[in-house]
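Participant: Take a look and give me a structure for this.
(4 chains)
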Number of protein chains: 4
Amino acid sequence: MDLGLKGKKAIVSGASKGLGKAAAMSLAREGVDVTILSRTKDSIEAAAAEIADATGVNAKGVAGDFNSAEDRARLLAACPEPDILVNNPGVRQTPTPYDRIDEAEWLQWLNDHFLSSILMIQAVAPGMAERKFGRIVNMSVSFIKFPQSGFAHTHAARLALSGAVAAMSRDLIGNNVTINTVCPGLFDTDALHTNLHQHAERGNTTYEAIVEDRKQGCPAGRFADPSECGDLIAYICSAQAGFMSAQNIINDGGVYQGLF
Amino acid sequence: MDLGLKGKKAIVSGASKGLGKAAAMSLAREGVDVTILSRTKDSIEAAAAEIADATGVNAKGVAGDFNSAEDRARLLAACPEPDILVNNPGVRQTPTPYDRIDEAEWLQWLNDHFLSSILMIQAVAPGMAERKFGRIVNMSVSFIKFPQSGFAHTHAARLALSGAVAAMSRDLIGNNVTINTVCPGLFDTDALHTNLHQHAERGNTTYEAIVEDRKQGCPAGRFADPSECGDLIAYICSAQAGFMSAQNIINDGGVYQGLF
Amino acid sequence: MDLGLKGKKAIVSGASKGLGKAAAMSLAREGVDVTILSRTKDSIEAAAAEIADATGVNAKGVAGDFNSAEDRARLLAACPEPDILVNNPGVRQTPTPYDRIDEAEWLQWLNDHFLSSILMIQAVAPGMAERKFGRIVNMSVSFIKFPQSGFAHTHAARLALSGAVAAMSRDLIGNNVTINTVCPGLFDTDALHTNLHQHAERGNTTYEAIVEDRKQGCPAGRFADPSECGDLIAYICSAQAGFMSAQNIINDGGVYQGLF
Amino acid sequence: MDLGLKGKKAIVSGASKGLGKAAAMSLAREGVDVTILSRTKDSIEAAAAEIADATGVNAKGVAGDFNSAEDRARLLAACPEPDILVNNPGVRQTPTPYDRIDEAEWLQWLNDHFLSSILMIQAVAPGMAERKFGRIVNMSVSFIKFPQSGFAHTHAARLALSGAVAAMSRDLIGNNVTINTVCPGLFDTDALHTNLHQHAERGNTTYEAIVEDRKQGCPAGRFADPSECGDLIAYICSAQAGFMSAQNIINDGGVYQGLF
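Facilitator: Numbering: from 1, shown residues only, chains lettered A, B, ... in the order given. Here you go, the predicted model:
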């Protein structure tokens, strides 16, 4: 399928590995030049090189912290007029009991999982609207539709983002700019492995037991490959997806049971 | 993007024109052989010929009524082991005041917009599960998420389908069979034109005025091209979309305002 | 709290015991005369006598099958101008694998959990609108928001009802007629006990084990008392609840995890 | 209906008038002693006196800003062991175009409509759990289910709250502590009048025209009386509502069209 993206320019954060890198790779395969961000210089440059090698597009790695205003400014300077923005703030998910989250922790999560993304959106959306093309995708988690005990801080921040996006999406779609949210479940990434290892340590059980438990709790019976998320994002960014905005699309192997 | 569908076989109903034909065409472009259904022999055969010409796949037209058990049996006989099923019962939408819908009308709508589709799903899903690949897409309408006055009969039937699908989806995804629902808004099809003409007649206004009103009420400011729905369906049917099931995906240019 | 219902008249079906009887009792405590329906003459008359004794209202028992048009006509003849209608079609919930539900079973469930209720609503709503007061409550189940494997037939029918109700509700609220849906989870009723006994038999386990399992799966840690559902229904029927319509209110001790 | 609240103690903020005062009055009518907060000493003391006079309960007015940590501490000091907490941060709703909301404005809204409420909840919930009774109600707006253009800041903050509440609710309901959210639409309050006057000024139209427009857009055809929200809150706080938590209950006369 021709996604109509050849020659477009994308910014993807959290892209040295995992779902962010998969999104960048899927976009690059469609001929999109990518500017990708991640904390460590070596790993983001290696990812950029790998993407460029595999696809032939221009791929530029920027070392920086998505949650730093300065680093986001450098990221935008490296790609001042993006057609596509994929906000991937990372999936570090440490549970905190509801009564232990203090004001500083609330604010940090709001900064990391809401403000960083929304400020990026505000920075690029007006230009996209002027140029009559824009595709913005926020990487969230399936749990925003069924918030889990111990994760009030992360769900608060992620739902703030979905709420803000819904409110502004109808100001943008008339200019062919969409903002959608991808809500992945269990994908076979380093981030998931790390989370499950930590979970195993907290729970006095083994990593293998947790993996087994998670797979059994997933009707699909497996962890998905990151490319299954990357390609979904590429589709959402396609020229032909311009009539769909403000959707929160669950991609979790059937774990979420809600009708809507 | 390679959707991994080359050589697969699809059944698509309501496919002589509009969204059904667009779905068949998008699938055919990916190398899927299509068996398509519609009432009139000439028009379904013409559509099949057009699809075969444009894409080189095998395209077979079956003349029949999706709401007739006999005709559905003939459709299945023409493609006994489909990998893909797109249920498109058509979009005739005549409003009836809530207090005028009698038992016969309720039952007819349940037959046409629920039973026909669910019986097709039940007929093909077990085989798909055995063969470890299946993609089922129901064509619904955006309004299932915000039912409209005057359309209790159609929303009842369509929500019955989304409910049944949600209930059964988790029995199938473990065998790489997904069932999703596409919920289009205003697409530039003959069906829409007919609906708006009828609406104009009922409302003592002009077709042009209704068209203008509908476009103004749509944040995207336009009626979408059928291919924008066809390609979405093709993506949902892709090999890489196997982790996503039981989703009701709105594609309506921003008309629906709900968060979820 | 004065619910402003003194002297109103209500029809409640499925009311010889369980949630239906609880609803009738809660309404009667507010001074509402109740006409209640259930299959067995002795038990429905005993329930009526108990309600009248406890509250002093007029309580009339009608023996009949909610799913029979003739019996519903007799029910309406016994209370031709109700101010309140509580549709409780009963909670028999036998699972059927998705591929075993035949057309007759789909139709039976649609009849029992959709048509019977919607035809009652159509019969009484216009009169309520004319008299400028009406409160209609459908007794559903929490699972309509998260349909469960094995229950495609029941969820289809119940969602058809919620969909039809949503579509028609905005035609009625301007005349102070509301239609809401109560979605209970695990309540301590004979119906639940029967379901769990059957479940135990099917699952080669004990009733006690199933009860324990269900309570552990319910964050509230208990089965609720039927009066907790009856009082909710009475509140929804109150004079002061006239601004709330088409809501599907979950009352399930925290089992449903969805945000909305 | 006896709500089982006699002798309980409630904290209600934003309570000198409007929906907050209505909630306090409805609770007081059930025999709940209320500690109420609002910015101006005179008006909050007048409201307390009015409630005490009308109901005979103890009603204490605390002058303070709900968004000040210090003032919230004073409020808690005035009622250290509340059984009921109604968070009403007020409904000032000034629209800001999506691209004009700067970091400071995002943070202020998050502070005012999220942090203040969640910190109050965290302060009182553990004690409620220990005492095996607690009812927490957040006053939100119907729009959290369908975010509106121009209000990204407020919807972000309010959805953060609903998300955090959903995540923590299942840790509390086992100890008979519930947290629910009331989502009112158009209620006949000073706050609404002020909003509509400002709207009229911004829109070059008259207050009367805006009022008419809003009533026509509301299927109920009217602005509701604050007591219709106050009584809903009182019901949600009742002893018999302990099985219902984490619900976002729309009470808006039919404006919101979503099924769920």
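
Participant: CA only for contacts and neighbour counts going forward, please
Facilitator: Fine.

Participant: helix/strand/coil for A:Trp106?
Facilitator: Counting by DSSP: H, G, I helix; E, B strand; the rest coil, the backbone at A:Trp106 sits in helix.

Participant: confidence score at it?
Facilitator: At A:Trp106, the model reports a pLDDT of 97.

Participant: Same check on A:Asn204?
Facilitator: The predicted local confidence for A:Asn204 is 84.

Participant: and what of A:Val91?
Facilitator: The per-residue pLDDT reported for A:Val91 equals 63.

Participant: for A:Ala10, same thing?
Facilitator: 98.

Participant: same thing with the one 3 residues further on?
Facilitator: Looking at A:Ser13, its pLDDT is 98.

Participant: From A:Val124, how far out is it?
Facilitator: For A:Ser13, the distance to A:Val124 equals 14 Å [CA to CA, to the nearest Å].

Participant: Who has more neighbours out of these two?
Facilitator: Counted by other CA atoms under 10 Å in any protein chain shown, A:Ser13 and A:Val124 do not tie: A:Ser13 has more neighbours, with 32 against 20.

Participant: Please name the residues that touch the nearest residue to that one once chain neighbours are set aside.
Facilitator: Excluding its sequence neighbours, the residue lying closest to A:Ser13 (CA to CA, 6 or more residues apart in numbering or on different chains) is A:Leu37, at 4.6 Å. Counting by CA atoms under 8 Å, 6 or more residues apart in numbering or on different chains, A:Leu37 makes contact with A:11-16, A:44, A:61-66, A:75.

Participant: ok but A:Leu37 is inside a strand, no?
Facilitator: Yes. According to three-state DSSP, A:Leu37 belongs to a strand.

Participant: what residues does the strand or helix carrying A:Cys183 touch?
Facilitator: Secondary structure assigned from DSSP states H and E places A:Cys183 in strand A:177-184. Strand A:177-184 has contacts (CA under 8 Å, 6+ apart) with A:125, A:128-129, A:132-144, A:162, A:165, A:169, A:172, A:229, A:233, A:236, A:242-252.

Participant: average model confidence for that strand?
Facilitator: Strand A:177-184 comes out at a mean pLDDT of 98.

Participant: quick one: strands adjacent to it?
Facilitator: Applying DSSP bridges, strand A:177-184 is found paired with strand A:134-139 (parallel), strand A:248-251 (parallel).

Participant: Can you name the residues of chain A that neighbour chain D?
Facilitator: A:98-99, A:103, A:106, A:115, A:119, A:122-123, A:126, A:144, A:146-153, A:155-171 (CA under 8 Å from any CA of the partner chain).

Participant: which residues pair with A:Val182 across the strands?
Facilitator: Applying DSSP bridges to A:Val182 gives these bridge partners: A:Met139, A:Ile249.

Participant: From the contact counts, what lies against whatever helix or strand comes next after the strand holding A:Cys183?
Facilitator: Using DSSP H and E, the helix or strand that follows strand A:177-184 in sequence is helix A:190-202. Under the contact criterion of 3 or more CA pairs under 8 Å, 6 or more residues apart in numbering or on different chains; DSSP states H and E, helix A:190-202 touches helix A:207-216.

Participant: pull the CA atoms of the helix it packs on into CSV?
Facilitator: Backbone C-alpha positions of helix A:207-216 (Å, rounded to 0.1, in the frame of the first residue of the first chain) are rendered in CSV as follows:
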residue,chain,number,x,y,z
TYR,A,207,10.9,-13.3,35.5
GLU,A,208,9.8,-16.4,33.6
ALA,A,209,6.8,-16.8,35.8
ILE,A,210,5.7,-13.2,35.2
VAL,A,211,6.2,-13.6,31.5
GLU,A,212,4.1,-16.7,31.5
ASP,A,213,1.4,-15.0,33.6
ARG,A,214,1.3,-12.0,31.3
LYS,A,215,1.0,-14.1,28.2
GLN,A,216,-1.8,-16.2,29.7
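
Participant: just the angle between whatever helix or strand comes next after that helix and helix B:226-236, please?
Facilitator: Next helix or strand after helix A:207-216 toward the C-terminus (DSSP H and E): helix A:226-236. Orientation of helix A:226-236 against helix B:226-236 (axes from the mean of the first three to the mean of the last three CA atoms, to 10 degrees) gives an angle of 180 degrees.

Participant: Helix A:226-236 packs against which elements?
Facilitator: Counting by 3+ CA pairs under 8 Å, 6+ apart, helix A:226-236 packs on helix A:18-29, strand A:134-139, strand A:177-184.

Participant: Then A:Gly90 would be within a helix, right?
Facilitator: No. Membership of A:Gly90 in a helix is not supported by three-state DSSP, which gives coil.

Participant: burial count for it?
Facilitator: When counting by other CA under 10 Å, one arrives at 19 neighbours for A:Gly90.

Participant: for A:Gln93, same thing?
Facilitator: 15.

Participant: so what's it closest to, chain neighbours aside?
Facilitator: A:Gln93 sits nearest to A:Asn195 (CA to CA, 6+ apart), 6.9 Å away.

Participant: separation between that neighbour and B:Asp53?
Facilitator: Distance from A:Asn195 to B:Asp53, by CA to CA: 51 Å.

Participant: what does A:Glu130 give?
Facilitator: A:Glu130 sits 39 Å away from B:Asp53, going by CA to CA.

Participant: now do A:Ile173
Facilitator: 35 Å.

Participant: And those two? Which one has more around it.
Facilitator: Higher neighbour count among A:Ile173 and B:Asp53: A:Ile173, with 27 against 12, using other CA under 10 Å.

Participant: backbone phi and psi for that one, please?
Facilitator: Torsion angles at A:Ile173 (phi, psi; degrees, to the nearest 10) stand at phi -70, psi -20.

Participant: out of everything not next to it in sequence, what's closest to it?
Facilitator: B:Ala220 (5.1 Å).

Participant: Next one: that neighbour from A:Gly174, what distance?
Facilitator: Per CA to CA, B:Ala220 is found 4 Å from A:Gly174.

Participant: Could you give the number of residues near A:Gly64?
Facilitator: 23.

Participant: could you redo the helices and strands packed on helix A:226-236 as JSON lines and give each row distance to B:Asn180?
Facilitator: JSON lines is the format used below for the helices and strands packed on helix A:226-236 (distance: least, CA to CA, whole Å):
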{"stretch": "helix A:18-29", "distance to B:Asn180": "23"}
{"stretch": "strand A:134-139", "distance to B:Asn180": "21"}
{"stretch": "strand A:177-184", "distance to B:Asn180": "16"}
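
Participant: Roughly how far does A:Glu45 sit from A:Val62?
Facilitator: In terms of CA to CA, A:Glu45 sits 7 Å off from A:Val62.

Participant: hmm, back to that, pLDDT score assigned to the residue nearest to A:Gln93?
Facilitator: Note for A:Asn195: predicted pLDDT of 91.

Participant: mind checking how far stretch A:163-181 is from the chain centre?
Facilitator: Between the centre of stretch A:163-181 and the centre of its chain there are 17 Å (CA atoms, centre = their mean, to the nearest Å).

Participant: That should have said stretch A:77-94, apologies.
Facilitator: Put simply, stretch A:77-94 sits 7 Å off its chain's centre (CA atoms, centre = their mean).

Participant: That's all I had, so thanks and see you.
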